[in-house]
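K.L.:
Structure for the following, please:
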Amino acid sequence: MKYGICTLALVPLRLEQAHRSEMVSQVLFGELFEILDEEADWTSIRLLETDYLGWIQNGQFQKLDDLDMQHYLTGKPIIVGRAGGVLSTDTAQFQLCHGTKLYLTGENTVNFPSLKLTYQGDINPFSKNQFQSQVAQLALSYKNTPYLWGGRSQWGIDCSGFSQLIYSCFDLSLPRDAYQQAEMGQTVDFISEIKVGDLAFFDNVEGRITHVGIMLDRDMIIHASAKVRVDRMDTEGIFNAELNRYSHKLRIVKRYL
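P.N.:
Just a heads-up that it's a prediction; the model follows:
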């Protein structure tokens, strides 16, 4: 089995091996993946943490053997905090986005094959037991972030990338897509029982789940639609006051703690 690791801050994951192909997601610095197929300019990969598939351009990652990967994973896992951080060598710097996961040695270094980088910056302070008290504040810090199909960062994010990112900061792992996230967790049967941090899912006219947002309380939801925004939600769905209509039809609410 062949492995790779992303060596740039944030790169596209494409549906097919072409720049014009749909960006289905993004790969963050340090994310590990299995190499499935290698072409002249592109490599087909499966991300190890989420099993997500796509094509990454050659030159945006390093290949790893089993020993290289085991050595990297011996470091202490941290998540880059909301203020971001920088990895640097004597000759280069990488600006890292919030939510990037690193494995650091005692010297705050990341060790790749033939490459040693030093981390300086914010470190995510949250844990699972802080989820209900802190999730709303963290989610609200993303307000007005532009919507980007396949995006996973403060520079552009989609609805399921948003929920996945916020949850990851509390050591809670979610799949990549909204319909996959909806398959997990426990159903919240009544609107009156909603708690902060619950995820609400919405379907299209064909009944497919296509949207997700994070509940701030029983009535308000934060979600990525054109931008990360806060709207009112009821049993029918999300009501967009700017449009004076419902924008998304509620399907189900799930809880993960």
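
K.L.:
all helices for the stretch 1-150 of the chain, in order.
P.N.:
Assigned by DSSP state H, counting those that start in this stretch, the helices in the stretch 1-150 of the chain fall at 66-73, 131-140.

K.L.:
for the protein, where's the lowest mean pLDDT among helices and strands?
P.N.:
strand 109-112 (a mean of 84; mean pLDDT, DSSP states H and E).

K.L.:
Output the contacting helices and strands for that one.
P.N.:
Strand 109-112 is packed against helix 66-73, strand 101-104, strand 115-123, with contacts defined by 3 or more Cβ pairs under 8 Å, 6 or more residues apart in numbering; DSSP states H and E. (C-beta placed from N, C-alpha, C; glycine too.)

K.L.:
Who does that strand pair with, and is each partner parallel or antiparallel?
P.N.:
Strand 109-112 sits in its sheet next to strand 115-123 (antiparallel), going by DSSP bridges.

K.L.:
Contacts for the partner strand next, please.
P.N.:
Strand 115-123 has contacts (Cβ atoms under 8 Å, 6 or more residues apart in numbering) with 7, 62, 78-89, 94, 96, 102, 104, 107-110.

K.L.:
so what pLDDT did A18 get?
P.N.:
pLDDT, A18: 97.

K.L.:
what about the strands in the stretch 151-257 of the chain?
P.N.:
Applying DSSP state E, counting those that start in this stretch to the stretch 151-257 of the chain gives strands spanning 152-153, 156-157, 186-187, 199-203, 209-215, 220-225, 227-233, 237-240, 245-255.

K.L.:
Tabulate the ones you listed (CSV), appending distance to L115 and mean neighbour count.
P.N.:
What follows is the strands of the stretch 151-257 of the chain, written out as CSV (distance: least, Cβ to Cβ, whole Å; neighbours: other Cβ atoms under 10 Å):
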stretch, distance to L115, mean neighbour count
strand 152-153, 23, 23
strand 156-157, 27, 22
strand 186-187, 43, 10
strand 199-203, 38, 24
strand 209-215, 36, 24
strand 220-225, 34, 22
strand 227-233, 34, 18
strand 237-240, 45, 18
strand 245-255, 40, 17
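
K.L.:
Distance from stretch 82-91 to the middle of the chain?
P.N.:
20 Å (Cα atoms, centre = their mean, to the nearest Å).
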